[in-house]
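Undergrad: give the three-dimensional model of this entry:
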Amino acid sequence: MTDTSQKADQHNSNNDDIQFGEEITMMQSGFSFQPIIGLELEIDDMVYMYSDDGNLEISLLGGPLEDKASIAEINDDLAADVLGNIDRFELIEAGTDSIQGARGFLNKVHYTDADQEGVGRALICSPYLNQFFFLLVITLEEYWDSKGEKIFQMLKNTIQFHPQFMVDEIQKEMGSYSDLTIENYEFIKPEEDFSLSIEKGDISFLLAARAHTENEMVMLTDITAPDGTVLYQYNPTTGNFSSSIFKAPLTGTHGEVSLFFPRDNQKTLIPGEYMFTFSTQSGNGLQDIQVILRNGKANDFQVIDLNIWLAVDDNSFYNPDSLEQLEQEIFEGLQKELMPYNLGPGKISFIHPAMDEMEAFSSIDVQKDLADCSYMIAENADNPRGLNIGLVENIYNSSSDSKIPAVSSGAPGMILSTESPHTCILLAWPAFKNNIPALVDSVLEQLVRFSGIDTQVSQSQQDQPIKMNHEIAWRIRRHPLFYNPD
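TA: Numbers count the residues shown, from 1 in each chain. The predicted structure follows:
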């Protein structure tokens, strides 16, 4: 028996005395509906409503849609199954129709049963990428024109869809990270609701939504918490924006937008389904959504690994003793700054780019080169969970003709991905080569930016450099960059 839940909500239609009862949610089938008062109602894996006089029969069914399955063929198969006890029937293609904006295929139904002629409609749609919904309404022929077609149209308006089978379509990986679950969802339709299931023990998630092309702009338009609280709303057309967790709309260039949650200690994760909606400037759907869920205890001692890309022609980088000394100074500097907050540095790895790569990336324009740097470092790093740091000769902004000592490619950036354009922070080596404590301070400042946590409340003045404190430490230690070394 399918689990159902009911809402104390009644809708009475004045149209020919057709009345609808309380909403019923088919939890395992991904939809809700309102039964027609006066009809018999049976609920199992399928919803079946019928009149005592045999004039009207209604069937509703929802379920998972297999990869590459044809909903047009499924429409024929399901109609044949439901009509299996009828003497003779015919399905005639009737184009398309839609329910709550989900367009699908429509069949006209003609049947003969015990010398009585009947007609009807069979409609199937896919409200979510891996989910189908099927509706069949049949009546005696003389009843269709007077009431049957009207009931078919009115019943469609009571249907509501809920993403139920997303877990069947995602790829889950645990890999070598016992505290992380990595989920990849593919081919998200335009304006499709995306559901993320949070379980007890999850403490944070890092999410990246990617378009099909790199020159696309991706925008987050809605976030709703499991308890129904609307955390974020943005209308790209009107510019209207409201949010309790972000100060400005989240939009992403280079075909990706990312977000980290929780950003502060006021809004923590709660178990259940978080709902998201994204849009793109072109109106096309998304290629994929990558989610990194972190679980476990974050209050224990946490460390962070560093991948340092040495894209500078400095002889000391090729001297093992000098490189070892640099590693030690960076490690000790980070340890000094992080240990008061029960945080610390982990493994530090150095990456030597090829000569042609060094020449191409020694001078970085933040307007056009950050994505290429992200791809290059991520592809060469052996530790995909580490913070990717690029030491380069020069960082500048071509739009303002100004030099910049350090920059983050994303706020938040992404980890555990070679496809993201936002996977690194960059520092101009000449600005720090003689002052490693200043380099450490800059790494921590860009790390905070890269993590995507909220820093406005924790900083006394917004134009001052970001410094580690207890509030920032509480937030950042939940980020998947950090882990328990034991």
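
Undergrad: pull out the buried positions in the helix ranked longest in the chain.
TA: What stands out as the longest helix in the chain, according to DSSP state H, is helix 320-338. Buried residues in helix 320-338, counted by 16 or more other Cβ atoms under 10 Å: 323, 326-327, 330-331, 333-334, 337-338. The C-beta positions use only the backbone N, C-alpha and C, and glycine is treated the same way.

Undergrad: quick check, nearest of the residues you listed to Thr181?
TA: Nearest to Thr181, judged by Cβ to Cβ, of the buried residues of helix 320-338 is Leu338 at 25.9 Å.

Undergrad: which one is the closest one nearest to, not counting chain neighbours?
TA: In this structure, Leu338 finds its nearest non-sequential neighbour in Gly344, 5.2 Å apart by Cβ to Cβ, 6 or more residues apart in numbering.

Undergrad: quick check: which element contains that neighbour?
TA: Applying DSSP states H and E as the criterion places Gly344 in strand 343-351.

Undergrad: pLDDT weak spots in the protein?
TA: 1-16, 67-69, 129, 163-175, 456-463 (pLDDT under 70).

Undergrad: and the residue lying farthest from the centre of it, how far from Asp87?
TA: Most distant from the centre of the chain: Asp115, at 53.8 Å, with distances by Cα atoms, centre = their mean. In this view, Asp115 and Asp87 are 9 Å apart by Cβ to Cβ, to the nearest Å.

Undergrad: Leu269: neighbouring residues, count only.
TA: By the measure other Cβ atoms under 10 Å, the count of residues near Leu269 is 22.

Undergrad: verify the stated contact: it with Ser204.
TA: Yes - the criterion here is Cβ atoms under 8 Å, and Leu269 meets it with Ser204 at 6.6 Å.

Undergrad: give me phi/psi at Asn380?
TA: Dihedral pair for Asn380: phi -100, psi -10, per degrees, to the nearest 10.

Undergrad: redo the buried residues of helix 320-338 as a markdown table? Include distance to Ile188.
TA: Listed next are the buried residues of helix 320-338 as a markdown table, based on distance: Cβ to Cβ, whole Å:
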| residue | distance to Ile188 |
| --- | --- |
| Leu323 | 44 |
| Leu326 | 43 |
| Glu327 | 42 |
| Ile330 | 40 |
| Phe331 | 41 |
| Gly333 | 42 |
| Leu334 | 38 |
| Glu337 | 40 |
| Leu338 | 37 |
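
Undergrad: for these, which one is nearest Asn157?
TA: Within the buried residues of helix 320-338, distances to Asn157 taken as Cβ to Cβ reach their minimum at Leu338, with 57.2 Å.

Undergrad: excluding its backbone neighbours, what's nearest Glu149?
TA: Arg121 (7.7 Å).

Undergrad: please list all residues in contact with that neighbour.
TA: The contact partners of Arg121, by Cβ atoms under 8 Å, 6 or more residues apart in numbering, come to 94, 97, 106-109, 135-137, 149, 152.

Undergrad: for it, give its distance to Gly30.
TA: Using Cβ to Cβ, Arg121 is found at 21 Å from Gly30.

Undergrad: which strands and helices sit next to the strand or helix carrying Glu73?
TA: Element membership for Glu73, per DSSP H and E: helix 71-82. For helix 71-82, the packing partners by 3 or more Cβ pairs under 8 Å, 6 or more residues apart in numbering; DSSP states H and E come out as strand 88-99, strand 102-113, strand 116-128, strand 131-140.

Undergrad: could you pull out the strands for the stretch 151-300 of the chain?
TA: Secondary structure of the stretch 151-300 of the chain by DSSP state E, counting those that start in this stretch: the strands cover 160-161, 171-173, 180-188, 194-198, 202-211, 218-224, 230-234, 241-243, 251-252, 256-261, 272-280, 286-295.

Undergrad: next, the angle from the fifth one to strand 286-295.
TA: Spelled out, that is strand 202-211. Note on geometry: by axes from the mean of the first three to the mean of the last three Cα atoms, to 10 degrees, strand 202-211 and strand 286-295 are set 170 degrees apart in direction.

Undergrad: need the contact partners of stretch 38-50.
TA: Here stretch 38-50 makes contact (Cβ under 8 Å, 6+ apart) with 1-2, 4, 19, 24, 26, 29, 33, 35-36, 51-52, 56-61, 82.

Undergrad: which of the residues you listed count as buried?
TA: Judged by 16+ other Cβ under 10 Å, buried ones among these: 19, 24, 26, 29, 33, 35-36, 56-61, 82.
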